[in-house]
Structure formats: structure tokens, C-alpha cells
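**Q** Provide a 3D model corresponding to the input given below.
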Amino acid sequence: MAAYPLFLVYLCQLITLQDGAAVAAWVDGHTAAVFWTYGVLFLAEAAVLALTGRLFPAALAVTLPTVLFAVANHLKEAVNGAPILASDLAMAGQAGEIASFLRPGMDLGSGTAAGLWLAAGGVALAFLFSRGRGSRPRRERLLGGALALSLLLNLLWGPAAAALLPGEEGESQSQRNDRLGLLAGITAALRESAMEAPGDYSENSMNRILLELEGRQEAADSGGTRPNVVLIVSESFFDVTRLPGVTFREDPIPTFRALREAYGGGTFLSGAYAGGTGNVEMELFTGIPSAFPGAAESLTSLSGEDAYERAPSLVKTFAGQGYQTVMVHSYNDSLYNRARNMPAIGFDTVLYDRDFTVEKTYAGGYLSDGTLARQLIAAFEAKEEGPIFLYGLSMENHQPYFSGKFDAPSGVDYDAPALTGEALGAFDALVHGLRDADAALGELVDYFSDCEEPVLLIFLGDHLPGLSLEGGGSIYARLGAVDSSDTGDWDAETMERMHRTDYLVWNNYGAEPAAPETVSVTGLGVQILDWAGLWKPLWFTWVEEAMEEMLLYRERLFVASDGSAWEEPPEEYAPLVATYRALVYDMLYGEGYIAPELTGYTPETP
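**A** Next up is the predicted model:
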């Protein structure tokens, strides 16, 4: 029994690192983390053993969650290049849904296979040793279990954990896992609370900021065109022709390119890489940088029952100016708490795949982008009198990418000498999805071009696709786009480059909106309001001001307005970040000193 938890520590690290020699080297250099994790598992096992009197349920209780978590973490790293975050645990109930995003026949890795076999053997031995053992009196079992649980809680929250688990500010989950191991790494993240109160947070400091913002806020314009606004967030869309190592003899996204050249567009700086669409859309709608929530939560899993009712909202900004607000997503509502969060941030109507009224077609295992385009048109035609803010979120080009994902090859003519076999098949599946997204964009523009009402359409890719390969490596590394497939190895410049997709802005009423060369997910809401000629609440007045100095702030990446990238904000940006953080804290977690003024969505016309 005493050695079994140490065996489990080894199994988790074997599944994580996929190499026995690497595990041995890690154990040798991280003895404090090893023995802390051993102590946690030992006391958890002891508690169950004391309560049940048998080794088998005790071994099973600590083996199943730890080994399954290690496997899930390995699969996420293999697909997205990043480990499980504490905030990801909010989606544990959708594990089956998430598993459907894995490549068919995906190799679990030799370390995973060995770890699973060893875990099964360990549980089997525990079963054999449990046979014939009697149970202690109930009072002794309860006392033993209570003692073990008390010691476990002390180890998790006491001085030992306080000394070992905290890392440097801005430490990523990959860095935590390297320093502490998988189990202690996720524990360290879970110990971090929600966003903490800034040191200078007070009613006086908030009121000073409010007075400054009120002096800079522009008055509402009672005249002018109020266009219908259509926002399309296209799954993993980007200009694939900019990847090195690929020569395209025909354009896979001709519609997008022609519209961007004719009407305007540029680079979209996302807050995510290879996944996390829910966090991208929530940052877009709120203007809150994803670096601000604590490690144990994200923009889609904020703590507090009314967090999303209190959060600032682009959607409510449209509603406050007389817009109907509708979201259409060609998937279900199982991920990112959308069923609750989307109505909370202001959508009057939310349509998922089950609600579609148009004829459905499927491509690549998901509802096609063409189906989404037709449902968006149907939603527009069914709108009430007055303008609409119509948000469409696609799914067809979602991972996994593999040969045979679609019924036929992409049909796009290109050469990629560095890609063969599985890698070439996965890349062609991506090209197929991009081509279909481009065609759906053309279908929407054709329809709205003939619409008598003014329409402003924004189209963008949510993040770059995850293109990891079996056995390690990635298509990006094969093509020479990155030096390493491990995102933990990337410097700030590489991180910034791998967060770029593309966007365009189009309209049917002759407007000539200024399209910045780069617009970030944090500042896009401000841009949309400007393009539409709409009034901005005080919160978005602040975001507009902040975007004059910065573009993006997420874990391990801060991008200044001039495009310079750092892993953490340089000292010169500290006052800006501190003010931004204080405003977010006041709205989401604090006393709400100026939150009502920041989130007033009805303009006062002169």
C-alpha cells in the first residue's frame, strides 16, 4: 500500500512525458514535488482504505481519476499542443463531446499504452491482496478516515503546499507541470483563486477613472445610418497561402481575398491558438483580456452566479440602441456554458443545430458552412422591424483533421513537398474546410448585396487550427512555420505570430470603413461599433483608449499597439494594465463602485 502512490506518480509522468528515461530524469530533479504528490495520493488512498477496510477500492479510487486525467491531458497536448488548464475542468461533463474531436484511430502513444497496462496490473494486484481481508469496527474506520482526510487537507492547503506550489507570476500551465509534475501542477492552478483585488482598488480611485472616461466619451449621434450588423466567426479560418513550404497554383480562398482587397481587412490577433473558440468569442463580446481571470477560471467559466449578467457586453450595446440580437451556431450548446452565458450577455435568440429550419447538409462530420449561411439568411429574413445584430459561428472546419475527413479531396492544386501520408491528408482536409468556408462567405455576400437594407458584415477566423501529428510534431513544424511543435518552447514573437488569423469588413451601402492592418480580439468590439457608426458606452470608451497602447494580453503573451510582443507586460505598461485590471475587478468581483456607469447601454442623445 505504501509504495502504490509512488507507482501512480510514475505512471502519470510516464503518460505525460511518454518516455521512461525522461520520467527518471524528471523524478531525480524534482524530489520535493514527487514526495508532495506522493503524500497527497498516499493520504487519499489511506482515507478510502480506512473507510472501506479493503485495498482494492482504495487503489481504484486513486488510480482511475489520476490515470484518466493523465491520458486526457496527453490527448489534449497531442491535439492542441497545450496541457489541460484548471479552467478546462469546467467542461469535464462534456468529456464525451470533446473526445469526438480526436482523430479516428488516434495513437495514444507508447507511454500511454504502457501506463494503462501498468495501472490495470496495479489495480488487479490490489484486488488480489484485498481478498479475504476482514473489516475493522465502524468507529475505528470512521476515525481512521477522518484522520487521513484531515492530514490530506493540511497537505493540500497547509505550509508545505504554500511553500512548494506557487510559481512566478504569469507562469503557464506547461511551466507548472514541468516544475511540479502533472498532478501537483494542476493542483497549483486550482489553488489560485478568482481574480484578486488590485492593491489600489478603492471607491476614490474608481471615481477618478470614471470622471476621466466621462470627459472623453463621445455623445450619441441621433442621425445617420444604423446598419444591420452580421458577424461571422469562422472556425480555424486563415489565409493558408502564407504558410511556408506550400505552393498554391490556385487560390483556396478567392472570395475572401477579393472582398478584403476591395473593401478592407487585415490581420486578426486572436486570444487563442489551436482551440478555445468560446474564450475568443467571450473576449470579443466583453473586451476583457483573457489574462485577468484567475488560473482556476476562464472567460467562459467566471465564478459567481451573475458574473455574465454583470460583465460588459457588446451584445447589450447593440440591444441598447434598438437592435434585435441573434446568435446562430452550427453545433450544440454543450461547450463553454453557452446555453447559460449567451442569453446572459444579451442575445435575445440563440439557435443551435437542433433549431435550424433550413435543409441540413453535413461536411467533414459537422453541419456544413453552407448550411450555416442559409440559416443566417433565414434568421435575417425572419427579423423584426428595425436593425439586427446577427452573430454566426461555424463548425465545419473544426478539428480533427485527417485523410478521409471529407468525402473527396479538396480539389485545390498545390504542392507541399515536406508533407506526405497522414500529414498531407490532414493538411488537405484543412484546405477543404477553408475552401468551403470561403464559398459560404460568397453565398452570404451574394444575398446581402441584393438586400435593400444596409448591411455591415465582418468575417474572421477565430484562431489558427491545431495541426498536431501522430507520434509528435506538427504540420507547422514540418513546413517550417515554427521551430518546435511544443508551444512551451515558443518565444513571445512566435506566440504572437501563431495567434494571427485574418478578417475582412464588407458593406452594401457604400461606406468606406477604415480597416486597421491589425485588430485584436480585445478591441474588435470597439471597431465594430465604429464601423457601424454607433455610440460607445463608457466601458468600450475605455477599451478604445487602452487599445492605443496595447492589443492583447493573455497567458505568456502581451502585444503592444505597435506589434511588439513580450511574455509579460513591460514596466512601462504597468499603469495601463493596473487600471484595466481594476475596472474589470470592479465589474465582476468588486463593490461595483462605477460598474453601473461603465455598463450603461442606452445612449443619452443631445
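**Q** and this protein, split by domain according to the record?
**A** 4-191, 203-293+305-598 (automatic domain parsing).
**Q** with distance to A197 as added columns, please give the ones you listed in a markdown table.
**A** Every C-beta, even on glycine, is put in place using the N, C-alpha and C of the backbone. Compiled in a markdown table, these are given as follows (distance: least, CB to CB, whole Å):
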| stretch | distance to A197 |
| --- | --- |
| domain 4-191 | 16 |
| domain 203-293+305-598 | 6 |
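**Q** so which of those domains is the most packed in?
**A** With neighbours defined as mean count of other CB atoms under 10 Å, those peak in mean count at domain 203-293+305-598, which reaches a mean of 19.
**Q** thinking again about what came up before, same list (the domains of the chain) but as TSV, adding mean pLDDT and distance to L299.
**A** Listed next are these as TSV, based on pLDDT from 0 to 100; distance: least, CB to CB, whole Å:
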stretch	mean pLDDT	distance to L299
domain 4-191	84	9
domain 203-293+305-598	96	4
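**Q** now the residue nearest the centre of the chain: how far from V505?
**A** Taking CA atoms, centre = their mean as the criterion, G276 is the residue nearest the geometric centre of the chain, at 2.3 Å. Note on G276: its distance to V505, by CB to CB, to the nearest Å, is 24 Å.
**Q** and if you look at G185?
**A** From G185 across to V505, the span is 42 Å (CB to CB).
**Q** ditto for A160
**A** For A160, the distance to V505 equals 55 Å [CB to CB].
**Q** ditto for P570
**A** If you go by CB to CB, the gap between P570 and V505 works out to 31 Å.
**Q** what packs against the helix or strand that A61 is a member of?
**A** Assessed by DSSP states H and E, A61 sits inside helix 55-80. Helices and strands in packing contact with helix 55-80 are listed as helix 4-17, helix 31-52, helix 110-130, helix 182-191; criterion 3 or more CB pairs under 8 Å, 6 or more residues apart in numbering; DSSP states H and E.
**Q** what sits up against the longest one?
**A** Applying CB atoms under 8 Å, 6 or more residues apart in numbering, the set of residues contacting helix 31-52 from outside is 1-2, 4-6, 8-9, 27, 55, 57-59, 61-62, 66, 135, 141-142, 144-145, 147-149, 151-152, 155-156, 160-161, 164, 179-181, 183-184, 187.
**Q** quick one: contacts for S474?
**A** Contacts were defined as CB under 8 Å, 6+ apart; by that measure S474 touches 81, 467-468, 482, 485.
**Q** repeat that for Q324.
**A** Neighbour list for Q324: 348-349, 383-384, 386-389 [criterion: CB under 8 Å, 6+ apart].
**Q** narrow these to those in strands?
**A** Using DSSP state E to define strands, the subset of the contacts of Q324 located there is 349, 388-389.
**Q** going along the chain, name the strands of the stretch 451-600 of the chain.
**A** Counting by DSSP state E, counting those that start in this stretch, residue ranges of the strands within the stretch 451-600 of the chain are 455-461, 500-507, 518-520, 550-554, 557-560, 565-566.
**Q** can you redo the ones you listed as TSV with distance to D586?
**A** Rendered in TSV, the data for the strands of the stretch 451-600 of the chain read as follows (distance: least, CB to CB, whole Å):
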stretch	distance to D586
strand 455-461	29
strand 500-507	31
strand 518-520	23
strand 550-554	18
strand 557-560	22
strand 565-566	26
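**Q** between these, which gets nearest to A295?
**A** Each of those was scored for nearness to A295 using CB to CB, and the closest is strand 550-554 (12.6 Å).
**Q** residues in contact with that closest one?
**A** Strand 550-554 has contacts (CB under 8 Å, 6+ apart) with 269, 271-272, 289-292, 496, 499, 518, 520-523, 558-561, 563, 569, 573, 576-577, 580.
**Q** mind checking how far stretch 375-382 is from the chain centre?
**A** Mean C-alpha position of stretch 375-382 versus that of the full chain (CA atoms, centre = their mean, to the nearest Å) differs by 28 Å.
**Q** can you check stretch 276-286 too?
**A** Relative to the centre of its chain, stretch 276-286 is centred 8 Å away, using CA atoms, centre = their mean.
**Q** got a list of contacts for it?
**A** By CB under 8 Å, 6+ apart, the residues outside stretch 276-286 that reach it are 233, 235, 270-272, 288-290, 298-300, 311-315, 335-338, 341, 345, 393, 462-463, 521-522, 524-525.
**Q** after the helix or strand hosting L143, next one along is what?
**A** Assigned by DSSP H and E, L143 falls within helix 138-157. Elements were assigned by DSSP H and E; along the chain past helix 138-157, the next helix or strand is helix 159-164.
**Q** any idea of the angle the following helix or strand past that next one forms with helix 31-52?
**A** Toward the C-terminal end, the helix or strand that comes next after helix 159-164 (DSSP H and E) is helix 173-180. In terms of direction (axes from the mean of the first three to the mean of the last three CA atoms, to 10 degrees), helix 173-180 departs from helix 31-52 by 90 degrees.
**Q** with adjacent residues omitted, what lies nearest to G224?
**A** G533 (5.1 Å; CB to CB, 6 or more residues apart in numbering).
**Q** and that neighbour, what does it touch?
**A** When contacts are counted by CB under 8 Å, 6+ apart, G533 is found next to 221, 224-227.
**Q** one more: V412?
**A** 248, 250, 252, 428, 431-432, 435.
**Q** out of those residues, which comes closest to I15?
**A** Comparing these against I15 with CB to CB picks out D428 as the nearest, at 31.1 Å.
**Q** hmm, the closest one is touching P409, no?
**A** Yes - contact between D428 and P409 holds when scored by CB atoms under 8 Å: they sit 5.7 Å apart.
**Q** all the helices of the stretch 301-450 of the chain, in order from the start?
**A** Remark: helices assigned in the stretch 301-450 of the chain by DSSP state H, counting those that start in this stretch are 307-310, 314-319, 338-344, 369-381, 421-449.
**Q** hang on, R374 packs against T357?
**A** No - distance between R374 and T357: 9.4 Å, which falls outside the contact criterion (CB under 8 Å).
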